[in-house]
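> please work out how this folds:
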Amino acid sequence: MPPIGLTIFGAVMALLAAVAPPAHATGPVSTDHVRAELVAGAEAVRPGETIRIGIRKQIIPHWHTYWLNPGDSGLATTAEWTLPDGAVAGDILWPAPERIAVGPLMNYGYEGEVTLLTDIAVPADAPVGGTFPIRATVDWLVCEEICIPEQVALGLDLPVVAAGADAGPNTGSAHPAIAAAEARLPVDSPWTARFEASDGTLRLALDASGLRRDSIEDIWFYPNEWGVIAHAEPQKLTVENDRIVLAMIPGDAFQPTLASLDGVLVVKERAGGQLLTQALTVSAPAGTVAAGTGGLGIGSIGIGTALLFALLGGLILNLMPCVFPVLSMKALALVEQAGKQPAQVRLHGLAYTGGILLSFLALAGLLAALKAGGTAVGWGFQFQSPIFVLLLAYLLFAVGLNLSGVFTIGGSVAGVGANLAARGGYAGSFFTGVLAAIVATPCTAPFMGVAIGFALAASLPVLFAVFLALGLGLALPYVALSVWPPLLRLLPKPGLWMERFKQFLAFPMYGAAIWLVWVLSLQAGAEGVLTALGGMLLIGFAAWLYDVTRASGRAARHAGSGLAALALIAAIGWGIAAGSQTAPRAAPAATEAGATETTPWESYSRQKFEALRAEGRPVFLNFTAAWCITCLVNERVALNRPDVATAFRTGDVTYLKGDWTNQDAEITAKLEEFGRSGVPLYVFYPAGRDSQPVVLPQLLTVDIVLGGIGAG
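Alright, predicted model coming up:
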């Protein structure tokens with residue numbers, strides 16, 4: 001039961017009310033915190049019929065009253081009815097509640113306005129032409145940081161008319177508050193439900209046919225009885241094929257012999273840019289519930305775990321091939337800075353970290369804005385734009401030219417943007433941080449998928465916090481070296497080798513630019529490749545012209561700089577114009593693309609997948625993208641191997657590959673079903689229509705794949 005103090009207090013208030021009955025008012029009554037009145041579903045009553053009456057409460061801002069089950073603290077509203085002889089009042093009909101967090105407690109109740117409904121049966125002998133008086137003494141607890149018990153005496157007089165008679169033009173009309181409350185009443189759930197308690201977890205499963213994972217904003221179960229669950233603990237949601245599972249912590253009053261878990265399930269979905277809320281009455285008998293294995297969904301991890309995963313994922317990103325060239329540049333910068341003052345080294349570290357963190361904040365803001373506009377986005381989504389891929393290829397090509405010495409903007413090697421501003425190349429360190437964040441996005445490290453999936457389903461502050469943790473993880477090794485200068489002694493001494501190594505680093509940049517042009521060829525075809533190569537020619541000409549005219553006279557220098565700028569503008573303008581006119585290209589046909597692979601595959605489609613599942617066939621899903629380096633490496637070292645091909649063939653496993661290089665709503669929905677916001681994602685469905693999926697790690701080996709499909 002709720003805290004004993006509140007219970008005793010409520011009992012005392014009820015006793016006082018019985019000793020000194022209040023005078024009932026036939027109109028609104030106001031306390032310091034609530035304005036209350038009785039409202040009716042019609043303006044007259046008829047003998048033998050039932051009329052719906054509402055206790056309408058308008059609560060001042062920041063205060064709340066309570067639902068049937070108040071949660072961790074509080075008391076439910078009660079009403080004592082005084083009615084004519086023979087009239088009978090039913091139980092309170094409770095609109096769907098809201099979660100109200102008060103410190104570490106979680107309460108269930110109402111803020112703003114709420115109307116509690118009750119059906120009253122009118123006796124068959126009610127005198128026609130008379131008045132039907134309705135009186136109610138209503139008690140509630142209203143709380144903000146403190147709680148105050150309040151009591152009001154409400155009254156309502158309605159005329160009694162004969163059955164079928166019309167007592168006036170508005171006889172049958174209901175008060176607007178009645179209709180608003182009826183819209184919030186829970187309806188019987190169309191889904192079969194069951195629950196099981198084992199291993200310290202209470203699982204509620206519902207066969208939620210037609211519920212789309214990508215549309216879910218929030219799902220929460222409100223039990224009718226206090227203490228059945230731990231109200232303040234998260235409810236971990238897993239959404240699978242036509243099934244949802246809520247994992248909850250049993251509360252202090254939970255009994256192992258509980259035969260039925262009863263309550264209200266509130267489902268919030270996004271549809272057409274609007275948030276739709278539906279409340280369902282659930283009565284789940286005890287049964288067997290398999291733990292949800294369809295991936296981590298909304299609320300499946302706490303914010304602390306998400307932040308830790310993001311930090312670890314960002315740290316592991318430093319080992320990914322996409323950021324190697326940039327990190328090599330930073331290592332070279334550290335060697336150069338080793339002999340400088342510790343304070344100066346720390347400032348370079350802060351500048352580099354600032355570039356990364358601001359870039360990740362900007363990316364989080366863009367993701368939030370696009371999701372608010374109804375766009376399905378995820379990690380690396382910007383690489384689905386041919387314009388972005390082209391401009392990034394231009395940038396990396398220009399970086400390579402700078403490292404090769406074709407042009408220089410300064411003598412420091414603290415970063416590509418060194419000496420963009422004064423003060424020892426701090427702007428260069430900042431710009432290198434920005435570049436590191438940009439080139440990291442086509443890679444996905446372990447822990448990242450879960451953390452980012454959690455962030456995109458959470459509130460804006462959580463989204464930004466997770467992305468900051470991710471950026472901090474990426475910056476952490478360099479930060480550690482810059483704030484602890486003794487570590488710099490482990491690095492080699494500066495010398496001529498630095499200039500040679502700097503020139504060598506141009507080739508990974510050229511390689512990255514070539515890879516991006518290949519990605520562009522899959523997105524935009526030969527026209528995209530022509531645009532990219534033509535733009536690179538203009539960029540190379542601009543770089544050469546800028547450098548050869550730097551030592552010339554003023555007029556020649558300005559002319560050279562102007563022509564170089566025009567060449568750059570032409571390259572960028574040409575690329576944007578061509579990219580904006582390019583329609584996304586379809587992925588290669590499965591028979592063509594899979595024929596040359598060691599492990600044959602077919603293109604993923606929802607219809608094909610569901611047909612295979614209906615037949616009970618084992619299925620392996622690989623969601624990938626041409627710009628995802630982690631995906632390409634996994635296919636090379638693990639999936640496209642003879643042992644795996646043999647295991648798939650022996651086990652009659654159908655290998656479906658979903659190409660997310662361009663936007664694909666079906667693939668996005670499947671990713672979100674498993675709580676992921678980007679690729680790669682590897683899932684194996686064993687044979688059998690009702691088999692549960694097995695999610696494989698984001699970094700694969702042959703042994704991991706064989707073990708995942710049970711062939712190891």
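> what about stretch 217-232, how long is it end to end?
19 Å (Cα to Cα, to the nearest Å).
> report the buried residues of it.
Buried residues in stretch 217-232, counting neighbours by 16 or more other Cβ atoms under 10 Å, are found at 218-232. In short, each C-beta sits where N, CA and C put it, glycine included.
> burial measure for residue 529, as a count.
By other Cβ atoms under 10 Å, 14 other residues sit near residue 529.
> in which helix or strand would I find it?
helix 506-548 (DSSP states H and E).
> name the helices or strands packed onto the helix or strand that comes right after that helix?
Remark: after helix 506-548, the chain's next helix or strand is helix 554-580, criterion DSSP H and E. With contacts taken as 3 or more Cβ pairs under 8 Å, 6 or more residues apart in numbering; DSSP states H and E, helix 554-580 sits against helix 386-404, helix 506-548.
> return the member of the buried residues of stretch 217-232 nearest to residue 163.
For those, the minimum distance to residue 163 (Cβ to Cβ) is 36.1 Å, reached by residue 224.
> domain map for the chain?
As assigned by automatic domain parsing, the chain contains the domains 4-184, 188-285, 303-509, 590-708.
> and the nearest residue to residue 225 once chain neighbours are set aside, what's its pLDDT?
Excluding the flanking residues, the one nearest residue 225 by Cβ to Cβ, 6 or more residues apart in numbering is residue 69, at 6.4 Å. Listed pLDDT for residue 69 reads 95.
> quick check: what element follows the helix or strand where residue 69 lies along the chain?
In the assignment (DSSP H and E), residue 69 maps to strand 64-71. Using DSSP H and E, the next helix or strand after strand 64-71 towards the C-terminus is strand 78-82.
> list the helices and strands the next helix or strand after that next one packs on?
Scanning forward in sequence from strand 78-82 by DSSP H and E, the next helix or strand is strand 88-89. Here strand 88-89 touches strand 113-121, going by 3+ Cβ pairs under 8 Å, 6+ apart.
> how far out from the middle of the chain is the strand it packs on?
A distance of 37 Å separates the centroid of the chain from that of strand 113-121, by Cα atoms, centre = their mean, to the nearest Å.
> moving C-terminal from the worst-scoring helix or strand of the chain on mean pLDDT, which element do we reach first?
Ranked by mean pLDDT, DSSP states H and E, the weakest helix or strand in the chain is helix 590-595, scoring a mean of 37. Downstream of helix 590-595, the next assigned helix or strand under DSSP H and E is strand 602-603.
> give me the mean pLDDT for that next one.
Rounded mean pLDDT across strand 602-603 is 91.
> now for the following helix or strand past that strand, which elements pack on it?
Sequence order places helix 606-614 as the next helix or strand after strand 602-603, per DSSP H and E. Secondary-structure packing of helix 606-614 (3+ Cβ pairs under 8 Å, 6+ apart): strand 619-624, strand 654-659, helix 665-673.
> tabulate these (JSON lines), appending mean neighbour count and distance to residue 157.
Formatted as JSON lines, these follow (neighbours: other Cβ atoms under 10 Å; distance: least, Cβ to Cβ, whole Å):
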{"stretch": "strand 619-624", "mean neighbour count": "23", "distance to residue 157": "66"}
{"stretch": "strand 654-659", "mean neighbour count": "21", "distance to residue 157": "67"}
{"stretch": "helix 665-673", "mean neighbour count": "20", "distance to residue 157": "55"}
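> show me the one of the ones you listed that comes nearest residue 681.
strand 619-624 (4.4 Å).
> how far out from the middle of the chain is the following helix or strand past the closest one?
Going down the chain from strand 619-624, the next helix or strand is helix 629-634, by DSSP H and E. Taking Cα atoms, centre = their mean, one finds helix 629-634 lying 24 Å from the centre of the chain it belongs to.
> about what we covered before: in JSON lines: the helices and strands packed on helix 606-614, plus distance to residue 514 and mean pLDDT.
Listed next are the helices and strands packed on helix 606-614 as JSON lines, based on distance: least, Cβ to Cβ, whole Å; pLDDT from 0 to 100:
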{"stretch": "strand 619-624", "distance to residue 514": "20", "mean pLDDT": "93"}
{"stretch": "strand 654-659", "distance to residue 514": "21", "mean pLDDT": "92"}
{"stretch": "helix 665-673", "distance to residue 514": "26", "mean pLDDT": "78"}
